Structure formats: C-alpha cells, structure tokens
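# Coordinates only, no sequence provided:
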C-alpha cells in the first residue's frame, strides 16, 4: 500500500475512534464555531481549535483578542493586498492564479490559519452587483478554471480553501432572504459549473453555502444543492460551512449536508441538534458524518503544519509578487498611438486616484494593506509629470477651484492622463449599485479636458463596468480594476512601456445599463429574483443578439501584435466524443515581447435547442518574444459541446457539425474550422398524445413507424407523397403537429390514438 494512502487510512481510523469517544453535546458543539474565526476544540480528546480567515486576495486575519466581524469593520493584521478577482480574472492565466494562491497559502501557514475563505466564483449576472469586484467572471468556464488553479496553489501549502458562495448569490440586495429562481438548465450551465470544475479539479477543503434561497429553499438547508449535486454527483470530500449567519433551520441544514455553522449561535442551535436526536427527527449517523467531515479537515491541517514547519510571512517579498501579478492583469482597452508614454514628454496627471488609488473593495475581503503605492508617488522615476487633483477619489463632489487648476495644469502638457474610478462608497459588499456611471464630477472634468485638444488617456479604478460617455473621443483607456496595494507600480510600468499590457476583459462592458440581459429582473421584487434571461448571460446574450457593446468579453490590446495560423483539430476517436486537441500557431509579429491570451469558442450548429451563438471552452496565456512563434494546444471533451437537457437531467451533445472559433476576443475571431460529433443515440422522445410527429421522426426507433403507419393517414398535407418528396411547408406542418391532431386531420378515434401511443412507448423502451 502507498505510504500516503496508509497514513490517510490510519488518520481516518483515529478520527472515527475519537468520534466514538465524544458525547453528543461535544459533537453538536463541534458543528458550530466557538467564536467568529475558530472551530470548537475538544480538549479532553486532544481535538484542537482550527482558525479560518477571510480572503480571497489577501489575508484578513483578525487578532484573537480583537473584536471579530465579517464585514471588514474592525482591524486585521497588516497583510499584502493582491489584485482582486475582477483584475486577476483578466490575466486568463492559470499559472498566475496558482502562484498567487501558493503565496497566500504560505502566508496562512505563517499565521496559523487553516482555511482561507475564498475564492468567490459567483457569476457576474449584472454590472450592478456590489460584490462583483470579488468575483471572477461572467463566464463559468473561465471562473472554474482559474478558481481551480488558485485553490490548487493555496492547498499545495497544506492550507485549505472555502470556495463561495454556493450558489446563485449574484446580488447584495436582500441577499440574506431573497430567492434566486432559475430553471435547472440555467443553474447547470451558468451558475454551478465554476463550483463543479473547482471540486473536480482541485477538491477545495470546504465549500461555503450562500445566504439566499435557491428556488425557494435556503442554500444552507438545500439537500439537492449540498448533497445530491455537490457530493453525490461531483464527489466533494470536504465539509460545507455556512456563510456567517446564513443558518435558518439548523436541523434541516445538518440533514441537508451543512456541516459547520459559522460563527455559532451561543449554543442555541447546538441544543436544537440535541433535541432532534432525542425526538428522532435527526439520525445519529447524520451528526456523526458531519463531525467526521470537520475533523478530517482539522487534522489534515494539523498534520501538514507539523510536517511543514513554520513559514515566514515576508511582506516585502510578497508585495513585489503582488506588483508582478498586477502588471499582467491591467487591460489596455483603447490606444490610438498615445501609449506608451515617453520619459521626455510633459505629462499631466489629473484626478485624486493618481495620489490615492482605489485598489480593493469594501467588506469582508478588505485587507489592512502592508504598503500601498500610487502612480503619483513613483512619477519622478518615470518621466516629467505635473499633478492636479481635479476631483477627490472619495466622493462625487465638484470643486471649481480644483477643476480650474486641473485644466490649467493640463494646458501645459503634451498628454493628459486622468486617473478616474469609483469611490469606495459606490460599490461594496452589502449593497448593489443603482447605476453604471462614474461620479458626475469626473465625467464633467474629462469633458473639459477634451476641449483642450490634447491627447487624453483615462486610467480606471473600479470593480465592475462603468459607462464611458467620452470613450469615442479620448485617445487611450486603461482598465486597472482594483489591482491591489502595488497598483502604482503596475500602472506606471504599463503607462511607460516597461511592461506590456496583456490583460483581457473577463466581462462585457455594455454601452449602457439597459442593454444588460438581467436589466428587467435585477435585483428582483418582494424577495423573488427571477433569472428570466436564462443561459443568456454576458457575452452569450450580446453576441447572440449581435448587439453593439462598449468593449466585448475577452478584449484587450497590447504594445505588440500577434497573428494566428495553422488551426488544426486532432480527434481521439472517430466519433469525437472521447475528446480532441485543438492546436493553433501564435506569432508575435511586433517589436516587443508580450503575452497573448488565445481564446477558443464553440458554436453549436445542430439547432437542437436554443443556445448562445458561442461559448468559451478553452483559453491559453502564451508568452512570446518579438518574432517568436509557439503552438498553443487546448483540450476539448464532449462536455464542451453539450447543453443541459432538463428532460434527461444530464448533459447532451447531439450528433452534428460544430464550429471551433479561435479569437482575440468574443468579437475578434481570427480562425475557424468545423468538427463533427458522431455516434450519439438521439434523445428518446417522451411519448404521450401530445408528442410532436417531428420528435418521432428524429428518433430512429420511431421514425420507420411514422413513415409506414402515420404518414398515410395525413394525405391532406402530403397529397399522397412520401415525406422525402414533400416541400418545406408540408414538412414543417407535419413536424410540429402533435399526435393528438390526428383526431382532426385523420378522423382517428381516441382509442386508436391511445393504441398508437402504447405502440410507440414499446419502441422507445
């Protein structure tokens, strides 16, 4: 037996022996936190307390003696603030995410934190969600791939993660009580896959359930979500914890698969568990299973801590890493030859964000940053820069004196760089935005600066999309998002060309809020949030409608140029259903080294169901020296071509031709080719009197029966011809006709129709 497997088996046996020695009072207590950040110890049995801490882009550890909270209100230790997920997602770089996770895992070890609460992978359904800065993408494939890499990085250090918030937590408005109402296909294709990918590729130690209801049942007591899907289908092995204060009915919760309540209820819910055991409404085995899951993680961390030794939290070194990561996340949205800036140019920096950048969001992920750098503080090292505040970074307030000073300063410059963005109060955990605008004072000053007739470059600090009424008239736009404490270094290296921008948007920037597909239903009414747009979220909607957007999903410019060529697909079997490898050659055709994000979209061409025009199913970040060519390989499995069939309760990819699309964004497709899937048995039609004749024609075991037995009765439509001889109108009339219509068009009795139904049922068994 493998030594690791033997040790694991020994540990599990030890845990089971401990459980057999525990009282039910101790078991119930272990299933809730002892305080805000610790699991419950059982000192008489040598079971230690285990500390968890907020993340995901830094360590928000609060001192044991401090006042704990989950909203970032009270002080935490000094730590390094890495770029938030809104920024890191723009890297499209699995290696970068692993590296950042690994660094955070080491920080956790140094601070004796067993589980880092993150990543947050909820889908960006609307630009208004106040917590979008902490979420990765509007696309579930990208969110899943990047979160899995991050989790693997953290957990490589024998520290756990808690992927959150499971599930359908896509707004802050009434998040503790609202019901997210979505059909199963929408959940399976959009809101669950990021969690599924992370579980299957990285096995996070814990999963955090969300506050909200999912189709009327609180996530914290939703058996379908926490047990059937998460554990039975996906194979999750860790424990499920509640979001802080998310428990409603503790007994229903533990029966549904919620193991750990945080931060605890002062014993109230512990007693509820004991009462349920006594009256038989909760099985002893259910409680014991929850305890075992928690102890498995507690002792996994203890084992790793004892074997790994003490780690040092080197804040200076980690700050440098944060700067390197930030440079790869910034997105160059527009550049009409004005960037990079030259050292000898006279440049005006305008806007309070140049001096006091917004680099993280508000709420539970708020980091007590080690060392924040601003672009202005570093300006003397890069070029000739004059600064005017123009507007505050903290509020939407016009100050005429500041505006006049900004215009005067800019008038003497060769180029104007406006550092704009959303103040802290505009977006935070706890509430949603009400509009997509920048502060009015910022837009007004940008308009005045444009009147000077000089090149204007706007650098944005925001956690989610903003409207840009001036986008067509400025010469450059740099999206810095919330790039962490080293944002100043990253911005200056990008602006002055010491680093080549390589970020690509992980979300679409619509031209206006009303264009967003969730506009009519966000954030719901009467605590009911209807996901009526279904699977058409983000670019899936905009691209399918061919709607004009401000900046498309996957968009991002570079200081060099890249060309794509030689697209080819290698199937692992003739059917294509055993997977395939897609290869494309990428060449850096410019004069500067740089990184390109190659994106692979799949377009369904089978017309079997209403589907988005295309969906991201592969991406690769490739670094190329000037003039260099590399081959990028991306793997596709059958799932990449599938949609979720609610009738089957499974994924389904019908036979037919699909298109592979290789692009620089969802709107800039460079190469395409067709691939064919074969060998899938068509779906069995559901047979009753209302089954359409077309459904019977699509299924081989019923087609011959229709041709031989039913078509002769329908000469009123066919004129006695065979189906193949009919024109398109005749075929269409027949295809969409329910079997019950034979009463009217063939004078068939109800008894005869019932007889036909039974015959067809036999054929589809």
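It's in. These figures come from a predicted structure and were not determined experimentally.

# and residue 731, how many residues sit next to it?
17 (other Cβ atoms under 10 Å). Just so you know, the C-beta spots here come from the backbone N, C-alpha and C atoms, and that holds for glycine as well.

# elements contacting the helix or strand where it lies?
In this structure, residue 731 sits in helix 728-735 according to DSSP states H and E. Where contact means 3 or more Cβ pairs under 8 Å, 6 or more residues apart in numbering; DSSP states H and E, helix 728-735 is packed against helix 693-698, helix 715-718.

# how about the helices in the stretch 201-350 of the chain?
With DSSP state H, counting those that start in this stretch, the ranges of helices along the stretch 201-350 of the chain come out as 223, 250-256, 268-279, 284-308, 315-327.

# hey, which of those is tucked in deepest?
Highest mean neighbour count of the helices of the stretch 201-350 of the chain: helix 250-256, a mean of 23 (counted as mean count of other Cβ atoms under 10 Å).

# What helices and strands are in contact with that helix?
Helix 250-256 packs on helix 268-279, helix 284-308, going by 3+ Cβ pairs under 8 Å, 6+ apart.

# I'd like to know the average pLDDT value across whichever helix or strand comes after the helix holding residue 731.
Where DSSP H and E defines the elements, the next helix or strand beyond helix 728-735 is helix 742-746. The average of the pLDDT scores along helix 742-746 is 81.

# Any buried residues in helix 742-746, and which?
Neighbour counts over helix 742-746 (16 or more other Cβ atoms under 10 Å) mark residue 742 as buried.

# mind putting the helices and strands packed on helix 250-256 in TSV, distance to residue 538 and mean pLDDT included?
Supplementary listing: the helices and strands packed on helix 250-256 in TSV, determined by distance: least, Cβ to Cβ, whole Å; pLDDT from 0 to 100:
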stretch	distance to residue 538	mean pLDDT
helix 268-279	39	96
helix 284-308	34	94
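
# For the stretch 151-300 of the chain, which segments are assigned as strands?
Assigned by DSSP state E, counting those that start in this stretch, the stretch 151-300 of the chain shows strands spanning 160-166, 179-181, 206-209, 213-214, 217-218, 239-242.

# Quick check: neighbours of the fifth one in the sheet, parallel or antiparallel?
Spelled out, that is strand 217-218. strand 213-214 (antiparallel) (DSSP bridges).

# again, but for the second one
Note on strand 179-181: by DSSP bridges, its sheet partners are strand 213-214 (parallel), strand 528-530 (parallel).

# what's the least confident stretch among the helices and strands packed on helix 728-735?
helix 715-718 (a mean of 70).

# How about residue 442: what's its closest non-neighbour residue?
residue 420 (4.7 Å; Cβ to Cβ, 6 or more residues apart in numbering).

# Tell me which helix or strand residue 663 sits in.
Per DSSP H and E: strand 656-665 holds residue 663.

# tell me which strands and helices that strand is in contact with?
strand 562-571, strand 580-588, strand 594-604, strand 668-677.

# low-scoring stretches of the stretch 501-650 of the chain, by residue?
Applying pLDDT under 70 to the stretch 501-650 of the chain flags the ranges 607.

# which stretches of it form strands?
528-530, 562-571, 580-588, 594-604, 615-624, 629-636, 643-645, 650-652.

# Quick one: the ones you listed as TSV, columns for mean neighbour count and distance to residue 765 too.
Below are the strands of the stretch 501-650 of the chain laid out as TSV (neighbours: other Cβ atoms under 10 Å; distance: least, Cβ to Cβ, whole Å):
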stretch	mean neighbour count	distance to residue 765
strand 528-530	18	38
strand 562-571	14	32
strand 580-588	19	33
strand 594-604	23	29
strand 615-624	20	34
strand 629-636	16	33
strand 643-645	20	19
strand 650-652	14	18
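
# So which of the ones you listed is nearest residue 671?
For residue 671, the closest of the strands of the stretch 501-650 of the chain is strand 562-571, at 4.2 Å, according to Cβ to Cβ.

# Go through the strands paired with strand 179-181 and name the closest to residue 400.
strand 528-530 (42.6 Å).

# what about residue 408, how many residues close to it?
Counted with other Cβ under 10 Å, residue 408 comes out at 12.

# so where does it fall, helix or strand?
helix 400-411.

# I'd like to know which elements the following helix or strand past that helix is packed against.
Using DSSP H and E, the helix or strand that directly follows helix 400-411 along the chain is strand 415-421. Other helices and strands packing on strand 415-421, by 3+ Cβ pairs under 8 Å, 6+ apart, are strand 346-350, helix 440-450, strand 456-461.

# a markdown table for the strands paired with strand 179-181, including distance to residue 35?
Listed next are those as a markdown table, based on distance: least, Cβ to Cβ, whole Å:
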| stretch | distance to residue 35 |
| --- | --- |
| strand 213-214 | 28 |
| strand 528-530 | 33 |
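
# Kindly provide the distance from residue 580 to residue 495.
Shown here: residue 580 relative to residue 495, a distance of 42 Å by Cβ to Cβ, to the nearest Å.

# ditto for residue 235
Distance from residue 235 to residue 495, by Cβ to Cβ: 47 Å.

# who has more neighbours, the two?
Set residue 235 next to residue 495 and count neighbours by other Cβ under 10 Å: residue 495 wins out with 28 against 10.

# what about the strands of the stretch 151-300 of the chain, which gets the closest to residue 754?
That would be strand 179-181 among these, by Cβ to Cβ, at 36.8 Å.

# Would you indicate which residues of that closest one are buried?
Applying 16+ other Cβ under 10 Å to strand 179-181 flags 179, 180, 181 as buried.

# returning to that earlier point: and residue 331, which of the helices and strands packed on strand 656-665 is closest to it?
Of all the helices and strands packed on strand 656-665, strand 594-604 comes closest under Cβ to Cβ, at 10.3 Å.

# Tell me the strands beside that closest one, with direction?
strand 615-624 (antiparallel), strand 656-665 (antiparallel).

# Is it correct that residue 416 is in contact with residue 459?
No - with contacts counted by Cβ atoms under 8 Å, residue 416 stays clear of residue 459, the gap being 11.1 Å.

# which residues of the stretch 1-150 of the chain fall in strands?
52-54, 78-79, 115-117.

# just how off-centre is the last one within its chain?
Strand 115-117 has its average C-alpha position 18 Å from the chain's average C-alpha position, going by Cα atoms, centre = their mean, to the nearest Å.

# Ok, stretch 572-582 next?
27 Å.

# And that stretch, end to end?
11 Å (Cα to Cα, to the nearest Å).

# now swap in stretch 415-434 and tell me
33 Å.

# hmm, back to that, nearest to residue 617, out of the strands paired with strand 179-181?
Once those are compared by Cβ to Cβ, strand 213-214 is nearest, at 25.9 Å.

# center of this protein - which residue?
residue 143 (3.5 Å; Cα atoms, centre = their mean).

# Quick check: chain neighbours aside, which residue is closest to it?
Of all residues not flanking residue 143 in the chain, residue 194 sits nearest, at 3.8 Å (Cβ to Cβ, 6+ apart).

# Could you report the neighbour count for that neighbour?
Counted with other Cβ under 10 Å, residue 194 comes out at 30.

# before we move on, the earlier item: what residues of the strand holding residue 663 count as buried?
656, 658, 660, 661, 662, 663, 664, 665.

# which other residues reach it?
504-505, 552-556, 562, 564, 567, 569, 582, 584, 596-606, 608, 614, 641, 669-677 (Cβ atoms under 8 Å, 6 or more residues apart in numbering).

# and if we set it to 7 Å?
Residues outside strand 656-665 that contact it (Cβ atoms under 7 Å, 6 or more residues apart in numbering): 504, 552-555, 564, 567, 569, 582, 584, 598-606, 614, 641, 669-677.

# Ok, stretch 368-388 next?
So stretch 368-388 is contacted by 75-81, 315, 319, 341, 343, 345-350, 354-357, 359, 405-406, 409, 413, 419, 485-489, 491-492, 496 (Cβ under 7 Å, 6+ apart).

# now do 6 Å
Contacts to stretch 368-388, defined as Cβ atoms under 6 Å, 6 or more residues apart in numbering, come from residues 76, 78, 80-81, 315, 319, 343, 346-350, 354-355, 357, 405-406, 409, 485-486, 488-489, 491-492, 496.
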